[in-house]
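A.B. asks: pasting the structure only:
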Ligand SMILES: NC(=O)c1ccc[n+]([C@@H]2O[C@H](COP(=O)([O-])OP(=O)(O)OC[C@H]3O[C@@H](n4cnc5c(N)ncnc54)[C@H](OP(=O)(O)O)[C@@H]3O)[C@@H](O)[C@H]2O)c1
């Protein structure tokens, strides 16, 4: 079984990846911030295991090693790690801020730290065969339409997250030729919770920004929101278990693959963004009327979901032909169905209400 070095294990996607790798017999070394005794990482993995219906066994715990980088940047802590038995790196840590005000910080984390980790892995991990980078399908920019599994150039990008994730892909492409460590760019679309339990992390990111905003409107006493979402475009959602299953299957493949590969991990599109928003409204008892804002409350709502609007009103057809071919699958993932969507929404609303702190302002959640 390969030994994997993993960043971002305290986050949503990384914690599920750690859990599923451990469950499949893989040894995982997780590097996390502010995690003196490894408790943050372990707590995140235990929560993910519960959410995914996986029993966390003593054997799984034995296969987990944690490394605390304290308050230092990843690049400053790497040389303290006395490990050389790693077979592959999964880099999931990322600054998820959308705000242009945080562009420099996001660039440091998403581009500079990624490049530093890659350089370090290529020189200090003699057994390492591949560097997996968790990117995003939205490095494709805002053109929409059929989008192939390849690098993109010259496309319009609308936020700091997109810009820095795009730049990280370019940096890895530039570095891989000189460093000789094969790179996989793994690009999820919009990741939602577990397909069966609905479990996720409450981070107000992506699709959940709309759930947070409708719940905030409901909590403020609104029974009706006027919001002019155009009809037609569908967003592509992928459940976290489906995404991570593909990531783990790729990791466990034994045959050699290319030196630089790009995969879309898309779930497919089943419902228009407008219908999804109506469904959130129906479940929360808030009527969503497709019309321009009529009141100051409606304008607050529009501002709150503003960062995600460009993504909800554009149609992308993310091709995943290469990923399916490498995984030997005849067809890609099943699009999220209405029943699952309902469960995902209700799980999230329940999490907001049981936290008792009200809905966060979604734009703040996105940085
Ligand atoms: N969620 C989605 O819809 C989605 C879609 C496409 C791609 N992705 C990609 O999936 C990956 C994980 O996303 P996620 O949804 O799991 O996000 P998340 O829950 O916010 O997790 C982010 C992780 O990155 C770590 N991190 C953030 N800034 C860091 C820094 N400066 N130094 C070291 N670690 C840092 C966090 O550590 P702390 O716990 O210490 O903050 C956390 O472990 C990202 O690369 C993202 O681009 C996510």
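C.D. replies: Nice, thanks for sending it over. Every value quoted in this text rests on a predicted model; they were computed, and no experiment measured them.
A.B. asks: read off the pLDDT value for whatever residue of the stretch 251-367 of the chain ends up closest to the ligand.
C.D. replies: Nearest to the ligand in the stretch 251-367 of the chain, going by C-beta to the nearest ligand atom, is residue 265, at a distance of 8.5 Å. In short, each C-beta sits where N, CA and C put it, glycine included. Note for residue 265: predicted pLDDT of 98.
A.B. asks: surely it touches residue 244?
C.D. replies: No - if you go by C-beta atoms under 8 Å, residue 265 and residue 244 don't touch, sitting 9.3 Å apart.
A.B. asks: report the rounded mean pLDDT for the lengthiest helix in the chain.
C.D. replies: In terms of residue count, the longest helix belonging to the chain (DSSP state H) is helix 160-179. The average of the pLDDT scores along helix 160-179 is 97.
A.B. asks: ditto for stretch 313-327
C.D. replies: What stretch 313-327 shows for mean pLDDT is 96.
A.B. asks: what comes up buried for that stretch?
C.D. replies: Applying a neighbour-count criterion of 16 or more other C-beta atoms under 10 Å, one finds 313-314, 316, 318-320, 322-324, 326 buried in stretch 313-327.
A.B. asks: does any part of that stretch sit near the ligand?
C.D. replies: No - on the criterion C-beta under 6 Å from any ligand atom, stretch 313-327 is out of touch with the ligand, staying 11.1 Å away.
A.B. asks: show residues contacting that stretch.
C.D. replies: 137, 140, 142, 144-149, 187, 189, 229-230, 232-234, 236, 246, 249-250, 253, 257, 261-266, 269, 273, 330-333 (C-beta atoms under 8 Å, 6 or more residues apart in numbering).
A.B. asks: about what we covered before: with secondary structure added, can I get the buried residues of stretch 313-327 in CSV?
C.D. replies: Formatted as CSV, the buried residues of stretch 313-327 follow (DSSP: H, G, I helix; E, B strand; the rest coil):
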residue, secondary structure
313, coil
314, coil
316, strand
318, strand
319, coil
320, coil
322, helix
323, helix
324, helix
326, helix
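A.B. asks: and which of the residues you listed is nearest residue 26?
C.D. replies: Distance to residue 26, by C-beta to C-beta, is smallest for residue 326 among the buried residues of stretch 313-327, at 18.6 Å.
A.B. asks: where does residue 317 fall, phi/psi-wise?
C.D. replies: Backbone geometry at residue 317, expressed as degrees, to the nearest 10, gives phi -110, psi 90.
A.B. asks: quickly list what it is bridged to.
C.D. replies: Under the criterion DSSP bridges, residue 317 forms beta bridges with residue 146.
A.B. asks: grab the nearest non-local neighbour of the residue of the stretch 251-367 of the chain closest to the ligand.
C.D. replies: residue 188 (4.7 Å; C-beta to C-beta, 6 or more residues apart in numbering).
A.B. asks: give me the pLDDT for that neighbour.
C.D. replies: We have a pLDDT of 98 for residue 188.
A.B. asks: before we move on, the earlier item: may I see the ChimeraX selection of the buried members of the contacts of stretch 313-327?
C.D. replies: Per 16+ other C-beta under 10 Å, the buried members of the contacts of stretch 313-327 correspond to this ChimeraX selection:
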select :137,140,147,149,187,189,229,233,234,236,246,249,250,261,262,263,264,265,266,269,273,332,333
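A.B. asks: relative to residue 5, how far out is residue 111?
C.D. replies: In this view, residue 111 and residue 5 are 19 Å apart by C-beta to C-beta, to the nearest Å.
A.B. asks: quick one: which of these two has more around it?
C.D. replies: Neighbours per residue (other C-beta atoms under 10 Å) separate residue 111 from residue 5, with residue 5 holding more: 26 against 21.
A.B. asks: so for whatever helix or strand the more buried one lives in, mean pLDDT?
C.D. replies: Here residue 5 sits within strand 3-7, counting by DSSP states H and E. Mean pLDDT, strand 3-7: 98.
A.B. asks: note down every partner strand of that strand and its orientation.
C.D. replies: strand 27-32 (parallel), strand 88-91 (parallel).
A.B. asks: in helices only, show me the contacts of stretch 313-327.
C.D. replies: Judged by DSSP H, those include 246, 249-250, 273 as members of helices.
A.B. asks: quick one on the thing from earlier: after the strand holding residue 5, next one along is what?
C.D. replies: Next helix or strand after strand 3-7 toward the C-terminus (DSSP H and E): helix 12-23.
A.B. asks: so which residues make contact with that following helix?
C.D. replies: With contact meaning C-beta under 8 Å, 6+ apart, helix 12-23 is reached by 4, 6-9, 28, 30, 41, 44-45, 47-49, 51-52, 54, 56, 60, 63-64, 90, 92-93, 134, 188, 191, 200-201, 203, 205, 240-241, 243-245, 247-248, 251.
A.B. asks: just those residues that are near the ligand?
C.D. replies: Subset of the contacts of helix 12-23 in contact with the ligand: 8, 92-93, 134, 188, 191, 201, 203, 205, counting by C-beta under 6 Å from any ligand atom.
A.B. asks: quick one: which of those residues sit in strands?
C.D. replies: Among these, the members found in strands (DSSP state E) are 134, 188, 191.
A.B. asks: and which of the residues you listed is nearest residue 177?
C.D. replies: residue 134 (21.5 Å).
A.B. asks: the closest one bridge partners, please.
C.D. replies: residue 186.
A.B. asks: mind checking what secondary structure residue 85 has?
C.D. replies: Under the three-state scheme (three-state DSSP), residue 85 adopts coil.
A.B. asks: what is the residue nearest to it when sequence neighbours are not counted paired to in the beta sheet?
C.D. replies: Excluding the flanking residues, the one nearest residue 85 by C-beta to C-beta, 6+ apart is residue 3, at 5.5 Å. In this structure, residue 3 bridges to residue 27 when assessed by DSSP bridges.
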